[in-house]
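A.B. asks: take this sequence and fold it.
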Amino acid sequence: MLWIEWDSSLVEALSRRLALSVLGIRGLAVGDRVVLLGEGFMSDSLRILWLKTGPLHPLDTGGKLRTYHLLRELNRRHDVTYFALKEPGMGLSDPVLTAANEYSSHQQWFDWNEVSKQSGLFYWDLFKNFCFSRLPYVIDKYRSQAMADAIEKIDRAAEVDVIICDFLTPAVNLFSNPQGDLKTPALLFQHNVEAQIWKRMAEQSGNGLKRRYLLDQWRRMQTYEAASAAQMDSVVGVSKVDCDQMEEEYQLSNVLGEVPTGVDVDYFRADNRKKVTNQIVFLGSMDWLPNIDSVEYFVQEIWPLVRRERSDVEFVIVGRRPTASVRRLAEADVSIKVTGTVADVRPHVAEAAAVVVPLRVGGGTRIKIFEAMSMGVPVISTSIGAEGLDVTHGENILLADDSRGFADAILDLFRDQDRAERVGQAAAAHVRALYSWEVVAQEFEKFCYFTTRRRREEASVASESVE
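C.D. replies: Next up, the predicted model:
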C-alpha cells in the first residue's frame, strides 16, 4: 500500500467521485492523503448484509429486477445475507421466500403487515403519520423493531463486512437503535432521489388538499433523505443526474458514483420480435403514483391525437396491481386494454409497434426502457422518463415532452416502418453491447470493496493523528 501526500485545498475542491475518476477505483481520498490500493484489493470475498423491505419475487417492478440481477451476480463471488420484511401469514416454505436462494446464501425474514390502500385503516395510518410523526409515510410504515434488533446484533458481532441499504426505506430500521455509530461500513443504494419524486408529484397535482399533502411529504422526505444519506459511509446512485443532484442539494461528500441500469440481454432478445401489431404498450407497476399519472396523462392528452389519425391502434397497459382509476381508463375506451399482472412481459413487448414512457414524475432510471430496447422495439419517452440513461434521441430512442410532439413521434413510426426498424435495431445493439448485468454488477462490486476499505483507512489515519 502506498501513501501519497494530497494538497488539502484540492481535496476540498474535488468530490470523492472526481477523485475516483482521476485515480481509478484503486485510489482512496482519505483526509489529506490518497491511498493507492493496488491490483489485489478486490480479490477477497465479502460478507454482505443486504437490507430490503420485502422479498424480490415476483419480479414485477424495475427496482426488484435491478436488485435481483445485481444480487445474483454478487452471490456467485460473495457471501450474501438477505434481511427483509414479509407478510405474517407467509411460511418459510413459501416459494416467494425460498426463491431468495437464487440471489443470497442466507435469509432472515421479519413479519410486517402492509395496510391495504382500499381500507379505512390506510387513511387512519396517513392521519397518524401526518399528526404524530416527522417522517414521510412511505418511510414510517416500514418500521420493524425485530429487524432493527437483528441488524444491530449482526453489526455488533462484526459478522459482515458491509451493509447495503437497498432503497432509502430500510434505513428506518438501520438507524433506529441510537446506541452509537455502526461498526460495519454501510452503503446506500439509491434507485431514485426519493424527494424529487414527491416534489414532481406535488407540482403535477391540481387538487388543493392533495397538493398540500404531497408538498408536506416532499419536505419530510427531503429532510430524511439528506440526513440518512449523510449517515452512510457511501452512497451509490443509478445515474449521473441523480448523483449530481444528491451532492448538490444534500451537500454530500460520500457519493461514490453511479451503477448503470442493466438488462438480461439473453432473456430480452431481439429475435423474439417476429410479429408487429398496431399496439402501443406501456410497462410498469400500476400501483406506483408516477406510473398512474403517466398513463392518465397519455390517455387524456396524447391518445386522442393518435386516434384521430389512426383509429385502428390499441393502447395496452401492462403491469401489476392496476388501481381502480387505471382500470376505468379501459372501461371508458375500447381501444385501451389493462392486463394487470402478467407472467411474462416479453410477448406484449415483442408485438408492440412501440413502447411508450410518458412520465412526468419520477427519478432514477427506467429499467423497462432498456428491456424494450434490448428486444429491438422502438421506445418513445419524455425526457424525465429517459432521465439518466445513456440514450440518443433520433438514433436509439425518440424523446418528446409535449403531447403533440409525443403523438407525432408515435404516428411517424407507423408512417415510416423503415425508420421504426432502424431505431429498434440501433437500440438493441447499444444495450446489448454495454449493459449486461455481469458488467453492471462488477461496477457495484467495486463500490462495495471501496466502502469497506475506506473505513479501515480512515481509522488508520485517525489512529496516526492521535499518536
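
A.B. asks: quick one: low-confidence ranges for the stretch 51-200 of the chain?
C.D. replies: The stretch 51-200 of the chain contains residues with pLDDT under 70 at 177-180.

A.B. asks: kindly apply the preceding question to the stretch 251-400 of the chain instead.
C.D. replies: Within the stretch 251-400 of the chain, the ranges that satisfy pLDDT under 70 run 363-365.

A.B. asks: quick one: the helices in it?
C.D. replies: For the stretch 251-400 of the chain, the helices defined by DSSP state H, counting those that start in this stretch occupy 289-297, 303-309, 324-332, 346-350, 367-374.

A.B. asks: list the buried residues for the second one?
C.D. replies: Neighbour counts using 16 or more other Cβ atoms under 10 Å place Trp303, Leu305, Val306, Arg307 of helix 303-309 among the buried residues. The C-beta positions use only the backbone N, C-alpha and C, and glycine is treated the same way.

A.B. asks: so which of the helices of the stretch 251-400 of the chain is the most packed in?
C.D. replies: Comparing the helices of the stretch 251-400 of the chain by mean neighbour count (mean count of other Cβ atoms under 10 Å), helix 367-374 ranks first with a mean of 27.

A.B. asks: and that helix, what does it pack against?
C.D. replies: Counting by 3 or more Cβ pairs under 8 Å, 6 or more residues apart in numbering; DSSP states H and E, the packing neighbours recorded for helix 367-374 are helix 62-75, strand 279-283, strand 354-357, strand 379-381, helix 417-434.

A.B. asks: one more time with 10 Å, if that's ok
C.D. replies: helix 62-75, strand 279-283, helix 346-350, strand 354-357, strand 379-381, helix 417-434 (3 or more Cβ pairs under 10 Å, 6 or more residues apart in numbering; DSSP states H and E).

A.B. asks: just so I know, which of these lies nearest Ile164?
C.D. replies: Checking the helices and strands packed on helix 367-374 against Ile164 by Cβ to Cβ gives helix 62-75 as the closest, at 9.1 Å.

A.B. asks: what angle separates that closest one from helix 367-374?
C.D. replies: Relative orientation of helix 62-75 and helix 367-374, computed by axes from the mean of the first three to the mean of the last three Cα atoms, to 10 degrees: 80 degrees.

A.B. asks: let me know the pLDDT of Asp6.
C.D. replies: Residue 6: Trp, not Asp. Trp6 is assigned 40 on the pLDDT scale.

A.B. asks: I meant Val11, not that one.
C.D. replies: Val11 carries a pLDDT value of 41.

A.B. asks: mind putting the helices of the stretch 251-400 of the chain into TSV with distance to Gln107?
C.D. replies: What follows is the helices of the stretch 251-400 of the chain, written out as TSV (distance: least, Cβ to Cβ, whole Å):
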stretch	distance to Gln107
helix 289-297	29
helix 303-309	44
helix 324-332	33
helix 346-350	29
helix 367-374	24
